[in-house]
Each structure stands twice: as C-alpha cells, then as structure tokens.
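Peer 1: need a structure here:
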Amino acid sequence: MLEYGDAINQQLEYGHATMDQLENEIKKAIQGFEKNNLFIDKIRENDLGIEDYHRILLGVFSQVFMSSSSFALASASLGEKYQIAKDYLLHHAEEEKSHWVWILNDLASTGYKGPDPRIMHPHFTTQGYFAYAMYLGYQFPIGRLCMAAVLEGISGSLGPKYGPQVMTMLKIAPEFMQFFKSHGELDKGHSQEVLDAIRKTELTGYEYWKLIGVAKNTSELYKSIYNSAVSR
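Peer 2: Okay, the predicted model is just below:
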C-alpha cells in the first residue's frame, strides 16, 4: 500500500506539448462549444424565446462582472519573465471592466422585469466558470490568458454567425443586443492576439500541456452556462 511519504516523493512523468499543439486544441475547444449546446440548438431550431435571451444575459453577467478582476489578478501573479503576457492581461482588464453595463442595458431594453443581476446569486455554472478564472489567476496565471483565447474565439466566430438570426427571431434591434453584438465585433482577431502573446512568452512543454487542459475546461465550463440558460 502506498504511504503518504512515498507518494509525495514519487517521480512522475508529466505531459509535454508545443505551441502548435496548443493552438490546435484551442481551435477544437472553440468548435466544440457548438456541440451539445442547448442554447445554440434552440437558435438553429428557430425556437429561442425572449426568456431564453434574458436567461443567458443573466447567466453570463457575473462572469463578465468578474472578468476584469481575474485578468488583473493573473497579471499581478506573473513574474517579470512573463512581461508580454502581464501587459496583455492588464490591457484586457481595462478593456473588459465596463462590459457588464451592456448586459444591464440589454435586459432593460428588452422588457426584463426581474431583479438586478448584481443582487442575485450567480447560477452555479457561472460561479464555477469565474471561480476557475480566479483559481488560474492565483495558481496558473498564464492559463487566464488561455481562457481569453478560447472565449474570444467563441464570441468572435459565433456572434456574427448567430447574432442576426437571434435578432430576427426575437424581433429586437441591434442596439438591444449590445453585449453580444459588440463582443462579436470587438473579439474578431482578439483570439489570435492572445495566442501571439502566449507564443512570445517562453513557456515550457509542461506549461503548454497544462494550457491544453485549460482550453478544454474553458469551453465546457462556458457551455454549461449556456445550457443552464435554456428554458425547459
């Protein structure tokens, strides 16, 4: 039987990966977001209702509200070796700090009558997503940059793809989809910018391998928010 002292002294063979492998896995994570996604299925089936739209806005609110803090935390947690990544994380923290206001505006503009999301408990799927972001900010801060690469790849590619259909289906004007519309436009090319920042940082094969896990987790955790927003 393995004893604790023996276990902590075991020499383990950790995984190794390359930047090219990471980029490939991030692409898979972005593409995989559409699979088994109940919210996107509703769009494709032309069955999305305004309640679903409100639910997804409420679902992502706390994640957006906390994103700037998790970016700043990750930047502060990185050493000087990661200066390019630190700078990008700080830039992103500044860029993202006010985007939660867009959600409040979109809710108000489309007839939402419920409580302000700032005084609501986040759904456990949302809590899980931003808790993971904060965990990475403390424990593996370069991973917060990888989360951004996946999320911005999702919004940059799927926003233009599904946004017009949602506006037509729900009969709402573009200005009432400020959050998703603006993110879809702003995030075009951002995923590649994040990847460039990661590429310019001298990472080990082990770090690249860990980032692959972050990419997969990000896609699935974010998808869980979307699945929880669908009315049943």
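Peer 1: which non-adjacent residue is nearest residue 127?
Peer 2: Excluding the flanking residues, the one nearest residue 127 by C-beta to C-beta, 6 or more residues apart in numbering is residue 62, at 7.2 Å. (C-beta placed from N, C-alpha, C; glycine too.)
Peer 1: got a list of what that neighbour touches?
Peer 2: By C-beta atoms under 8 Å, 6 or more residues apart in numbering, the contact set of residue 62 is 117, 122, 126-127, 130.
Peer 1: kindly check the end-to-end length of stretch 118-132 for me.
Peer 2: One end of stretch 118-132 sits 20 Å from the other (C-alpha to C-alpha, to the nearest Å).
Peer 1: list the buried residues of that stretch.
Peer 2: Within stretch 118-132, the residues that count as buried by 16 or more other C-beta atoms under 10 Å are 122-123, 125-126, 128-132.
Peer 1: before we move on, what about stretch 91-110?
Peer 2: Using 16+ other C-beta under 10 Å as the test for burial, stretch 91-110 gives 92-93, 96-97, 99-100, 102-104, 106-107, 110.
Peer 1: quick check, pLDDT for the residue of the chain positioned farthest from its centre.
Peer 2: For the chain, the residue at maximal distance from the C-alpha centroid (C-alpha atoms, centre = their mean) is residue 1, at 41.7 Å. Here the pLDDT value assigned to residue 1 is 89.
Peer 1: next one: phi and psi at residue 116?
Peer 2: Main-chain dihedrals, residue 116, degrees, to the nearest 10: phi -60, psi 130.
Peer 1: gap between the spatially closest residue to it that is not a sequence neighbour and residue 179?
Peer 2: Among residues not flanking residue 116 along the chain, residue 104 sits closest, at 7.4 Å (C-beta to C-beta, 6+ apart). Separation of residue 104 from residue 179 (C-beta to C-beta, to the nearest Å): 9 Å.
Peer 1: on that earlier part again, was I right to think the residue nearest to residue 116 contacts residue 114?
Peer 2: No. Applying C-beta atoms under 8 Å as the test, residue 104 and residue 114 come out as separate, 11.9 Å apart.
Peer 1: quick check: pLDDT value at residue 65.
Peer 2: Reading off the confidence values, residue 65 has pLDDT 95.
Peer 1: from residue 11, how far out is it?
Peer 2: In terms of C-beta to C-beta, residue 65 sits 43 Å off from residue 11.
Peer 1: and those two? Which one has more around it.
Peer 2: The residue with more neighbours, out of residue 65 and residue 11, is residue 65; 20 against 4, by other C-beta atoms under 10 Å.
Peer 1: who touches the more buried one in this structure?
Peer 2: Shown in contact with residue 65 (C-beta under 8 Å, 6+ apart): 100, 118.
Peer 1: next, find the distance separating it from residue 101.
Peer 2: With C-beta to C-beta as the criterion, residue 65 and residue 101 are 10 Å apart.
Peer 1: now residue 5
Peer 2: With the distance defined as C-beta to C-beta, residue 5 ends up 54 Å from residue 101.
Peer 1: one more: residue 107?
Peer 2: Distance from residue 107 to residue 101, by C-beta to C-beta: 11 Å.
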